[in-house]
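Asker: below are the sequence and a predicted model; questions follow.
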Amino acid sequence: MKKKTLLFLSLAFSVLLILGCAEKQEHDITHPADYAAYLAPRTDAALQKCNEEIAFWKNKQSRTPDSETCKLRIAGLLSSRFMLTGRIEDIFASDSVYRSVLAASGNENASVHRALAANAITQHQFGEAYQQIQKALAIGEGKASSLFMLTDVDLELGDYAGANRALNKIATRNFFPYIIRKAKIKDHEGDLDSAIVLMETALAKAKDNASLSLWTKSNLADMYGHGGRVEEAYHLYLDILKTNPDYDYALKGIAWIAFSHDHRYAEARHIAQYINQKRATPDMHLLLAKIAGAENNMTEKIKELRVFDSLANSPRYGDMYNKYLALMQVEDFSNPAKTIALAKREIQNRPTPQSYDLLAWGYFHEGKYAEALEVAEDFLVDKTFEPDVLFHLGMIYKANGQTGKARTYFRSAEKSAFELGPAVTQKIKEALGNS
Amino acid sequence: MKLKYVNLLAVGALIALGACNNDDDATPMPVTYVQEDQMARPAINTVFVSAGDKDTFNGTIPSAQNAAFGTKFKDRLLALNPGYTTNLLGLDAATFTGVLSTDVLSVALSGATTFYDGTHVLTGRKLNDDVITVELILLFGGPDATANPMLTDDHVDANDKGFLDTFPYLATPH
C-alpha cells in the first residue's frame, strides 16, 4: 500500500517535472528564414501603383481643373499613400483637396464629410471627426456609412454607449462593416474570445476583397496575440506578407513576437530597422528603445527615446503620439508633471479610460497615491481591460495598501505578458513577489 | 488594441443579409437580398433626389418610385424652372416628372437606339449620345427646345477620346 502510494507520488512528480520542463522550453516562434525575403530592398508595388494613379489623375486634372471627380480621386489616393509611407504631409494635402470640393459644392456632400472624418481620425483629431460625421448625418446620404463611422469616433472618444447606440441603428447586421465594429466593441468590453470569433467571421466575408482581407487579417493577428495565441498570430502575419510583401504592419507584428515572446532582440531590431528606413514615422524608435532596454543598453535606449521624442513632438503630428510621449516622460525621464499635462490634454481630446490612465499613472509617479486611486476608481476600474491599465491599477492599489486588489490586477495583467513585453512583465513578476 | 480605420465604401453595393441566427444545421439559412443602390438615366437621381432622400430612393424599386417621389420631382422641376409649361415631348410638369421619377433606361426593341436623335426619343442610349444636353433641353427648352438657350447645352459635344468599335466599346482610361 505504502509502496503503491510512493510509486504514484513519484509518477505524479515526474509528470509534473515533464510538464514543468515543457513550459520552460517553450520554443521560439519566429524563424528568420520565414520572413527574410520580406526584409530585402525591393520596389514597393502598392506604392508604385498609388503613385501611378496619382500621376494619372493629376494629368487629367491639368486638362479639367474644376473636375470634382479628379479632385476626389486625388484626395483619396493621397490618404492611401499616407497609409503606405507614413508621410503625414499627404494627409494634409488630402484634407485641403476635400475642403476645396466641399467649398465648391456648398458643403452638401456627405461622403466628403466622411472622408474628412477618416483623415481626422488618422490624425487623432477626434472632435473634428465627430463634427464631420454629424454634418454627414445631417445631410443624410449614405446614412449607414455615417453611422459606422460614428461608432468608430464614439469609441475613440470613449463614448461607449454612443458607439453602441450608433451601431444598433444599423439594420443589416450580417455584413462586414457591422461585424468588425461589433468585434471592436466586444474587445473593448474585455470579451476577446467573442471579438476573435467576430473578426474570423469578418475575414470569411472579406475573402474576395484583397485589401479588406489584409486589413482584417492584421487585426485578427493582433487579437490572437493578445489572447496568447502567438503562434497563430505569427502565421497570419506571414500569410499577409505572402500576399503583400510591403505590408509593414505584419512585419511589425513579427518584430514584436521576436522581441516579446522569443526574446531574440537582434532579430527584432533587424526588422524594426528595416521598417524604419522605409517609413519615416516615429513609432519604430519606441520599439528600438524597448529592445535596447531589454538588452540593458541604457545609452542606446535613451538615444532612441530622444529620437522618438523629437519626431513625435513635431507639430505636424499634433496629438497623434500623446499617449506614448506621456508614458515615456514618466517611465523613462522621471517627469510626471509633463505626463500629467499631456494626460490632461489627452483627456480633453478623448476622455477614454486610457487617457485617464495616463493621469493616474502620472499622479502615482508623483507620489500622489490618493489622487491616483481616485482617478482609477472613477474612470478605470471595470471600464477598461487593457493589460497596461490593469498593471497600473495593481501598482496604484499596492501603493494605497490594498494588496489583495493589487494582486488580482497583477495576475490579470500577467496573462497578457506577450502584449505587455518583457520589461513590464518583469515588473509584474517583481510586484507579485513583493506583495 | 486599436483597429485601423477601414473605408466602408469599398464594400459592394448590393449585399446579402442572412436573416436567421438559427443554429439548427438542418434548416437552410433563409437569405434576404436588400436593394442598396440603383442607377438608370444619367444625372436624374443626382439632380432630382435630395441628399436626405438618396438612401431611400436608391433602395426603392422602380415600380414604386413614382408614387414615393413623383411629387418631390415635380416640386424640384418647378423650382429649377418656374416657367415650365411643356417640353419637346409635349409633356406637362406632372407627366414629365412621372416619367423621370420612374428611373429606368427605356429601350425600343426595334428601330433606332438613341437618347434623342431629333426624331426618336428615349429609345435607348448610345455611348456617344449627348445625354446631358438632351436632358437640359427637356427641362428648360420649352415645347420647341428654344427657351432658355443659355441653359440647354452643356457644350460637351463628344467624349475627349474616341470610343472603341469592339467590346468593351468604352475609351481606354486616359
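Answerer: The structure has been received and is ready for your questions. Numbering: from 1, shown residues only, chains lettered A, B, ... in the order given.

Asker: now the helices for the stretch 301-435 of chain A?
Answerer: A:322-331, A:336-349, A:353-365, A:369-379, A:387-399, A:403-414, A:417-420, A:422-434 (DSSP state H, counting those that start in this stretch).

Asker: please apply the same query to chain B.
Answerer: Counting by DSSP state H, the segments of chain B that form helices are B:44-48, B:54-58, B:62-80, B:93-101, B:131-140.

Asker: mind checking which of these is nearest chain A?
Answerer: Of all these, the one in closest proximity to chain A, counting by CB to the nearest CB, is helix B:54-58 (4.0 Å). For every residue, glycine as well, the C-beta is placed using N, CA and C.

Asker: average pLDDT across that closest one?
Answerer: The average pLDDT for helix B:54-58 rounds to 94.

Asker: tell me the buried residues in it?
Answerer: Within helix B:54-58, the residues scored as buried using 16 or more other CB atoms under 10 Å in any protein chain shown are B:54, B:55, B:57, B:58.

Asker: just put those in a markdown table and tack on distance to chain A.
Answerer: Below are the buried residues of helix B:54-58 laid out as a markdown table (distance: CB to the nearest CB, whole Å):
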| residue | distance to chain A |
| --- | --- |
| B:54 | 4 |
| B:55 | 5 |
| B:57 | 10 |
| B:58 | 9 |
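
Asker: need the max-distance pair from those.
Answerer: When CB to CB is used, the two most widely separated members of these are B:55 and B:57, lying 7.4 Å apart.

Asker: ignoring the adjacent residues along the chain, who's closest to the residue of chain A found nearest chain B?
Answerer: Using CB to the nearest CB, the closest approach of chain A to chain B is made by residue A:140 at 3.5 Å. Leaving out its chain neighbours, the residue that sits closest to residue A:140 by CB to CB, 6 or more residues apart in numbering or on different chains is residue B:52, at 3.5 Å.

Asker: one more: residue A:294?
Answerer: Closest residue to residue A:294 in three dimensions, ignoring its sequence neighbours and counting by CB to CB, 6+ apart: residue A:422, at 5.2 Å.

Asker: list the contacts of the one you found.
Answerer: Contacts here follow CB atoms under 8 Å, 6 or more residues apart in numbering or on different chains; on that basis residue A:422 touches A:259, A:260, A:263, A:294.

Asker: again with residue A:45
Answerer: Residues near residue A:45 by CB under 8 Å, 6+ apart: residue A:246.

Asker: quick check on the contacts of residue A:422: which are buried?
Answerer: Burial by neighbour count, 16+ other CB under 10 Å: within these this picks out A:259, A:260, A:294.

Asker: need those residues in JSON lines (columns: distance to residue A:44 and secondary structure).
Answerer: Below are the buried ones among the contacts of residue A:422 laid out as JSON lines (distance: CB to CB, whole Å; DSSP: H, G, I helix; E, B strand; the rest coil):
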{"residue": "A:259", "distance to residue A:44": "24", "secondary structure": "helix"}
{"residue": "A:260", "distance to residue A:44": "27", "secondary structure": "helix"}
{"residue": "A:294", "distance to residue A:44": "30", "secondary structure": "helix"}
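
Asker: redo those as TSV? Include pLDDT and distance to residue A:353.
Answerer: What follows is the buried ones among the contacts of residue A:422, written out as TSV (pLDDT from 0 to 100; distance: CB to CB, whole Å):
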residue	pLDDT	distance to residue A:353
A:259	97	26
A:260	96	23
A:294	95	28
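
Asker: for residue 80, give me its contacts.
Answerer: I'll assume chain A. By CB under 8 Å, 6+ apart, the residues touching residue A:80 are residue A:50.

Asker: correction: the question concerned chain B.
Answerer: Residue B:80 makes contacts with B:47, B:139, B:140, as judged by CB under 8 Å, 6+ apart.

Asker: please redo it, this time with the cut-off set to 7 Å
Answerer: Applying CB atoms under 7 Å, 6 or more residues apart in numbering or on different chains to residue B:80 gives the contacts residue B:139.

Asker: what's the answer for the one 10 residues further on, then?
Answerer: Residues touching residue B:90, when contacts are defined by CB under 7 Å, 6+ apart, comprise residue B:143.

Asker: gap between it and chain A?
Answerer: 34 Å (CB to the nearest CB, to the nearest Å).

Asker: what parts of the stretch 1-150 of chain A come near chain B?
Answerer: Taking CB under 7 Å from any CB of the partner chain as the criterion, the neighbours of chain B within the stretch 1-150 of chain A are A:108, A:110, A:118, A:121, A:122, A:139, A:140, A:141, A:142, A:143, A:145, A:148.

Asker: what about the closest residue to the fifth one other than its chain neighbours, how many residues nearby?
Answerer: When you say that, I think you mean residue A:122. Beyond its immediate neighbours in the sequence, the residue positioned closest to residue A:122 (CB to CB, 6+ apart) is residue A:91, lying 5.9 Å away. Per other CB atoms under 10 Å in any protein chain shown, the neighbour tally for residue A:91 reads 20.

Asker: quick one, strands of chain A?
Answerer: Listed from the start of the chain, chain A has no strands (DSSP state E) to report.

Asker: what about whichever residue of chain B sits closest to chain A, how many neighbours?
Answerer: Using CB to the nearest CB, the closest approach of chain B to chain A is made by residue B:52 at 3.5 Å. A total of 13 residues lie near residue B:52 under the criterion other CB under 10 Å.

Asker: repeat for residue A:76
Answerer: A count of nearby residues for residue A:76, using other CB under 10 Å, gives 19.

Asker: distance of it from residue A:92?
Answerer: Here residue A:76 is placed at a distance of 15 Å from residue A:92 (CB to CB, to the nearest Å).

Asker: name the helix or strand of chain B that has the lowest mean pLDDT.
Answerer: Scoring the helices and strands of chain B by mean pLDDT, DSSP states H and E places strand B:15-18 at the bottom, with a mean of 34.

Asker: cool, and chain A?
Answerer: Least confident helix or strand, chain A: helix A:2-24 with a mean of 46, by mean pLDDT, DSSP H and E.

Asker: so residue B:34 is in contact with residue A:173, correct?
Answerer: No: using CB atoms under 7 Å, residue B:34 is not in contact with residue A:173, being 11.6 Å away.

Asker: got a list of what residue A:102 touches?
Answerer: Contact partners of residue A:102, counting by CB under 7 Å, 6+ apart, are A:109, A:112.

Asker: right, and residue A:203 touches residue A:220 too?
Answerer: Yes: with contacts defined as CB under 7 Å, residue A:203 counts as touching residue A:220 at a distance of 6.0 Å.

Asker: ok, and the closest non-adjacent residue to residue A:408?
Answerer: Nearest residue to residue A:408 in three dimensions, chain neighbours excluded: residue A:394, at 7.9 Å (CB to CB, 6+ apart).

Asker: burial count for residue 127?
Answerer: Using chain A here. Summarising burial for residue A:127: neighbours were counted as other CB under 10 Å, giving 13.

Asker: I was thinking of chain B, sorry if that wasn't clear
Answerer: Residue B:127: 11 surrounding residues under other CB under 10 Å.

Asker: what about residue B:170, distance to residue B:163?
Answerer: Counting by CB to CB - residue B:170 and residue B:163 are separated by 7 Å.

Asker: do the same with residue B:33
Answerer: Between residue B:33 and residue B:163 the distance is 34 Å, computed by CB to CB.

Asker: again with residue A:206
Answerer: Here the distance between residue A:206 and residue B:163 works out to 36 Å (CB to CB).

Asker: these two: which has the busier surroundings?
Answerer: Neighbour comparison, residue A:206 and residue B:163: the larger count goes to residue A:206, with 22 against 13 (by other CB under 10 Å).

Asker: fine by me, thanks again.
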